[in-house]
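J.: Structure of the sequence below:
(chains A and B)
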Amino acid sequence: MTITFAREEIQQTIKMIHEENLDIRTITMGISLLDCGSEDIRRMEQKVYDKIVKNAGKLVQVGEQISARYGIPIINKRVSVTPIAIAAAHLDTEEMVRIAKALNRAAREVGINFIGGFSALVQKGFTVGDLALIEAIPQALSETEFVCSSVNIGTTKTGINMDAVLKMGQVILKCAQLTADQDGIAAAKLVVFCNAPEDNPFMAGAFHGVGEPECVINVGVSGPGVVAKVVKEFPEADFSELSNLIKQTSFKITRMGELIGRAASKALEVPFGIVDLSLAPTPAIGDSVAEILENMGLERCGTHGTTAALALLNDAVKKGGAMASSHVGGLSGAFIPVSEDAGMVRAVEEGALTLDKLEAMTCVCSVGLDMIALPGDVSAETISAIIADEAAIGMINKKTTAVRVIPAIGKKAGDRVEFGGLLGGAPVMAIHPFSSKVFVNRGGRIPAPLISLSN
Amino acid sequence: MTLSLEESNRAIITILGRDQTGIIAWVSGRLAEYRVNILDISQTIVDEFFTMIMVVDLNPATTGLVDLARILEQEGSDKGLQVKVQHEDIFTFMHRI
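T.: Numbering: from 1, shown residues only, chains lettered A, B, ... in the order given. Prediction:
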């Protein structure tokens, strides 16, 4: 028996983990709540709580064991559930809030850091349950700690439900107002989607789609720091070489997700769903997507050339990652959340990165306008118009887009908000002063585009 | 090579730190105590910086990988050494197709 690895290979792996912030961002267990319905709200709360605790009871412990066995950090252990507007379609708004609190209690009991699925899919219209849930979101998110919510308001196949877009502008503003003393944290736990994936392990948008099995393990990897390092090491590389370097690195990162997913699936006796090969930044220095773009040769993220750099990065990450895993899913692309990325924050502070440029960047990456603080006097209609723009990009380009913006109540552009932890902090970004009120109040649906007629 | 995922019970031990006498004696002594079999060992010193990579078999061992890792990392840290014990699959998955 000889050492089957080159010394350099072993040292590279260790360096990636310890110096370049390579980690497994999340192991997310998806749990179906479709069998938890009950006319009796107390009975239903108990069934929901029991089912989560029964399935996810060992999730945190198993995650920690696997992390120790392979010597790689696993940052988050999370649970996603069937969209509550479907699983609890018969409940009223007050009862929806009670279910959110039951989810929160279950999350606390099993020791996870987020539970996603306080969600509704309303791309073509509302059911009674959808309306009750959307109405309940501000109270549910401001009175719970771990619950995350998402609402899908459009798809390429169905078009955009503009009544839902209008409503979500109001809901986001209400979330921020109810938690104004915590810089609007409730809005940071709410995301509005177009083309939402049903197997996404990342928060705040994770939910367990109705096409999913009873219970499933999905894994999200990270690793912007590793990519930033390799890009920095080869300043002379032309674009073909650069793309290859990123592909190779992405392959290695995604393999870690595949390994941890298989190990978790085996230990928990739950099927392994997908690896989400997204590049997910954290506020830590050296774990930034903006830094990758700057290492490619841009003086600051957000300047001319940023969209092209991001397009190359996103494509190379997918090409490298796709080969590394049996099943790739979820969002799978580079994330550009502002508050969670120290490089993005700096670019905004220095005036290099604006909301309009971020919107352009979302055309070529995953996911959308993410973790962006807006001035506190922003109107609900303006938020709705921002959502409509993002949804249009997703609908036409057959991709997922999302909006997670946080109105910073009492603050104006240039002021700072702090969410803490992985959510980070950010400067409030300027918005256009002109009104979109008449437009978003037209009502109805934006029809599905011609490209949806693919049959 | 197949991607074993826990079929094997081999681990890679790496030690990094300033060179000092008795590093190999310490680690091999502790491994013998726990009946961990050393399969291969490679060691170099560059500018007084000690690097060791060891492949071990935990099949005959009286302790598990996670406990062994905790003990060696703690004792190594007391000697100013960075010690890691990782199941070989993390390297297999990353570097072998």
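J.: Quick check: residues of chain B near chain A?
T.: B:1, B:5-6, B:12, B:14, B:39-40, B:42, B:44, B:51, B:53, B:55, B:65-66, B:69-70, B:84-95 (CB under 8 Å from any CB of the partner chain). Every C-beta, even on glycine, is put in place using the N, C-alpha and C of the backbone.
J.: taking these one by one, which sit in strands?
T.: Among the residues of chain B next to chain A, DSSP state E puts B:12, B:14, B:39-40, B:42, B:44, B:51, B:53, B:55, B:84-87 in strands.
J.: got CSV for these, with pLDDT and neighbour count too?
T.: Converted to CSV, these look like this (pLDDT from 0 to 100; neighbours: other CB atoms under 10 Å in any protein chain shown):
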residue, pLDDT, neighbour count
B:Ile12, 95, 25
B:Thr14, 95, 19
B:Leu39, 94, 15
B:Asp40, 92, 14
B:Ser42, 92, 13
B:Thr44, 89, 10
B:Thr51, 91, 17
B:Ile53, 94, 21
B:Val55, 94, 21
B:Lys84, 95, 20
B:Val85, 96, 26
B:Gln86, 96, 22
B:His87, 95, 26
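J.: List the contacts of the residue of chain B found nearest chain A.
T.: Proximity of chain B to chain A (CB to the nearest CB) peaks at B:Gln86, 3.8 Å away. Contacts of B:Gln86 were listed using CB atoms under 8 Å, 6 or more residues apart in numbering or on different chains, and they are A:Arg69, A:Tyr70, A:Gly71, B:Ala11, B:Ile12, B:Thr14, B:Ala69.
J.: what's the answer for A:Gly424, then?
T.: A:Gly424 touches A:Thr282, A:Pro283, A:Ser339, A:Glu340, A:Asp341, A:Ala342, A:Val345, A:Met371, counting by CB under 8 Å, 6+ apart.
J.: Could you break chain A into its assigned domains?
T.: A:26-194, A:220-442 (automatic domain parsing).
J.: Low-confidence bits of the chain, can you list those?
T.: If you meant another chain, say so; for now it's chain A. Applying pLDDT under 70 to chain A flags residues A:1-3.
J.: Chain B is the one I meant
T.: B:1-7.
J.: and the longest helix for it?
T.: Ranked by residue count and defined by DSSP state H, the top helix of chain B is helix B:65-78.
J.: Now find how far off-centre that helix is within its chain.
T.: Centre-to-centre, helix B:65-78 and its host chain are 10 Å apart (CA atoms, centre = their mean, to the nearest Å).
J.: Buried residues, that helix. List them.
T.: B:Leu65, B:Val66, B:Leu68, B:Ala69, B:Ile71, B:Leu72, B:Glu73, B:Gly76 (16 or more other CB atoms under 10 Å in any protein chain shown).
J.: Straight-line length of stretch B:55-74, end to end?
T.: 20 Å (CA to CA, to the nearest Å).
J.: again with stretch A:193-208
T.: Terminal residues of stretch A:193-208 are spaced 15 Å apart (CA to CA).
J.: burial measure for the residue of chain A found nearest chain B, as a count.
T.: Across chain A, the shortest distance to chain B (CB to the nearest CB) belongs to A:Gly71, at 3.8 Å. Neighbour count of A:Gly71, defined by other CB atoms under 10 Å in any protein chain shown: 21.
J.: ditto for the one 10 residues further on
T.: Other residues within reach of A:Val81 by the criterion other CB under 10 Å amount to 30.
J.: And it, how close does it get to A:Ile387?
T.: Distance, A:Val81 to A:Ile387, by CB to CB, to the nearest Å: 24 Å.
J.: same thing with A:Ala311?
T.: 23 Å.
J.: neighbour-wise, which of the two wins?
T.: Taking other CB under 10 Å, A:Ala311 and A:Ile387 do not tie; A:Ile387 has more neighbours (31 against 15).
J.: got the contact list for the more buried one?
T.: Contacts of A:Ile387 by CB under 8 Å, 6+ apart are A:Ile153, A:Val165, A:Met168, A:Gly169, A:Val192, A:Val403.
J.: Go through these and flag which are in helices.
T.: Checking those against DSSP H, those in helices are A:Val165, A:Met168, A:Gly169.
J.: Show me which pair in the contacts of B:Gln86 is furthest apart.
T.: By the measure CB to CB, A:Arg69 and B:Thr14 form the most distant pair in these, at 15.2 Å.
J.: Secondary structure class of the residue nearest to A:Gly169 when sequence neighbours are not counted, three-state.
T.: Of all residues not flanking A:Gly169 in the chain, A:Ser384 sits nearest, at 3.2 Å (CB to CB, 6 or more residues apart in numbering or on different chains). Put simply, A:Ser384 is helix when judged by DSSP: H, G, I helix; E, B strand; the rest coil.
J.: right, and A:Ser384 touches A:Ser436 too?
T.: Yes: here A:Ser384 reaches A:Ser436: they are 7.4 Å apart, a contact under CB atoms under 8 Å.
J.: So those two - more neighbours on which side?
T.: A:Ser384 (29 against 18).
J.: any idea how far A:Ala164 is from that one?
T.: 9 Å.
J.: that older thread, among the contacts of A:Gly424, which ones are in strands?
T.: Those of the contacts of A:Gly424 lying in strands (DSSP E): A:Met371.
J.: Just put the contacts of A:Gly424 in TSV and tack on neighbour count and distance to chain B.
T.: Formatted as TSV, the contacts of A:Gly424 follow (neighbours: other CB atoms under 10 Å in any protein chain shown; distance: CB to the nearest CB, whole Å):
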residue	neighbour count	distance to chain B
A:Thr282	23	21
A:Pro283	21	26
A:Ser339	27	31
A:Glu340	27	26
A:Asp341	29	25
A:Ala342	20	26
A:Val345	22	31
A:Met371	26	30
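J.: Could you count how many residues lie near residue 10?
T.: By default, I'm working from chain A. Quick note: A:Ile10 (other CB under 10 Å) scores 24 neighbours.
J.: Please refer instead to chain B.
T.: B:Arg10, neighbours per other CB under 10 Å, totals 20.
J.: ok, now which ones touch residue 24?
T.: Since you didn't name a chain, this refers to chain A. Residues in contact with A:Ile24 (CB under 8 Å, 6+ apart) are A:Ser67, A:Ile72, A:Pro73, A:Ile74, A:Ile75, A:Val219, A:Gly220, A:Val221, A:Ser222, A:Met256, A:Gly257, A:Ile260.
J.: The intended chain is chain B.
T.: Here B:Ile24 is in contact with B:Ile41, B:Gln43, B:Met52 (CB under 8 Å, 6+ apart).
J.: give the contact list for the residue most central in space within chain B.
T.: Residue closest to the average C-alpha location in chain B (CA atoms, centre = their mean): B:Ile13, at 1.5 Å. Going by CB under 8 Å, 6+ apart, B:Ile13 touches B:Val27, B:Met52, B:Ile53, B:Met54, B:Val55, B:Val56, B:Leu72, B:Val83, B:Lys84, B:Val85.
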